[in-house]
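Q: Predicted model, plus sequence, below.
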Amino acid sequence: MPVPTPDTLKPSKDFARQVIAFAVARRPGTGTVYLGGSDFKVCSADVTAAKFEPTELHAHESYVTGVALAGDRLVSGGYDGKLAWYDTEAGKVVRTVEAHAKWIRKVVASPDGTLVASVADDMVCKLWDAATGKLVRELKGHKATTPHDFPSMLYAVAFSPDGKHLATADKVGHVVVWDAATGKELAAVEAPVMYTWDKVQRNHSIGGARSVAFSPDGRLLAVGGMGKVGNIDHLEGKARIEVFDWAAGKQVAEFPGDKFAGLVNRLAWAADGSWLLGAGGAGEGFFLFHDVAAKKTLRQEKVPMHVHDFDLTADGRELVAVGHNRVTVHTLG
């Protein structure tokens, strides 16, 4: 069955919640989603049910910013620096690990479900055995401070579709590609436009590379953030996506944004590579669809909340987005 085109996107469901959801993972082939949010809780819910009723599974000691499903294990991470392994079959937490020295920003599972990667503001990416929780290796290649000597942040991490590579991205737009099996740094690309430092108004900065995603063939790497900002107290920069041939260290496309302001917090490619989807927001949220090969924007759609994360089904036909006080479902095709 061919991948649906962006012009078929339409809203299906819209659920209001009095919480900011930062992360979502969906159990393949079902309507079950797992959410992490500002209420410190990890919840499950069924987006196909007539009534959306999230059920608390367990809690962290601060914001839950990452959830990843590896087989029957749901791994969550938060600003408390901890990773928790929840057995979805047994219905209980089976392991909690003091994983990072600072806030955890993202947690993802490898395509085969054997590894879990976490990144945090201690500027380290850690790979964990998904079944045992054992630390496999640490990846260190991001500087702890920005060029202006302020603390940096490690925002994003993603596996390549074949699981052989891993990409991490930080506040100054430095993006590293790693060999997942050896931990060797293979390449680095730069997206400096996504970082703004303003010494006039405030001695601090804003922005950063907030999302990364490999193309289906693993050759290209998309990086999401926002453009330069005038008033760094606001997310007023235009949503921005850059695409790199990471092995060559060369940018092959850029989409500087001409409609929506805010951060691109999540990226995903269609299974056939025909389009790239970015989502995020500031005061309002957005979906952005781009044809990378043609360097063309296909569709820009307003969403009723700042989107922090989404889950796109493998066939590209359903999209569950989460963010400020809402969970939405969109269909394609």
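A: Sure, I can see it.
Q: ok but residue 320 is inside a helix, no?
A: No: going by DSSP: H, G, I helix; E, B strand; the rest coil, the assignment for residue 320 is strand, not a helix.
Q: Next, count neighbours for residue 2.
A: Neighbour count for residue 2, taken as other Cβ atoms under 10 Å: 11. Every C-beta, even on glycine, is put in place using the N, C-alpha and C of the backbone.
Q: For residue 28, see how far away it is.
A: Between residue 2 and residue 28 the computed distance is 20 Å (Cβ to Cβ, to the nearest Å).
Q: likewise residue 67?
A: Counting by Cβ to Cβ - residue 67 and residue 28 are separated by 15 Å.
Q: neighbour-wise, which of these two wins?
A: When residue 67 and residue 28 are compared for neighbours, residue 67 comes out ahead with 31 against 9, by other Cβ under 10 Å.
Q: so that one makes contact with residue 27?
A: No: at 11.4 Å, residue 67 does not count as touching residue 27 under the criterion of Cβ atoms under 8 Å.
Q: Show me the common contact partners of these two, please.
A: By Cβ atoms under 8 Å, 6 or more residues apart in numbering, residue 67 and residue 27 have these common neighbours: residue 34.
Q: Tell me the bridge partners for residue 287.
A: Listed by DSSP bridges, the beta-bridge partners for residue 287 are residue 279, residue 301.
Q: ok, it - contacts?
A: Residue 287 neighbours (Cβ under 8 Å, 6+ apart): 9, 277-279, 299-301, 303, 307, 319, 321, 330.
Q: is residue 323 in a bridge, and if so with what?
A: Bridge pairing for residue 323 - DSSP bridges - gives residue 307, residue 326.
Q: What's the separation between it and residue 116?
A: For residue 323, the distance to residue 116 equals 23 Å [Cβ to Cβ].
Q: Same check on residue 109?
A: 5 Å.
Q: what's the overlap in contacts for these two?
A: Common neighbours of residue 109 and residue 116 (criterion: Cβ under 8 Å, 6+ apart): 68, 70, 75, 130.
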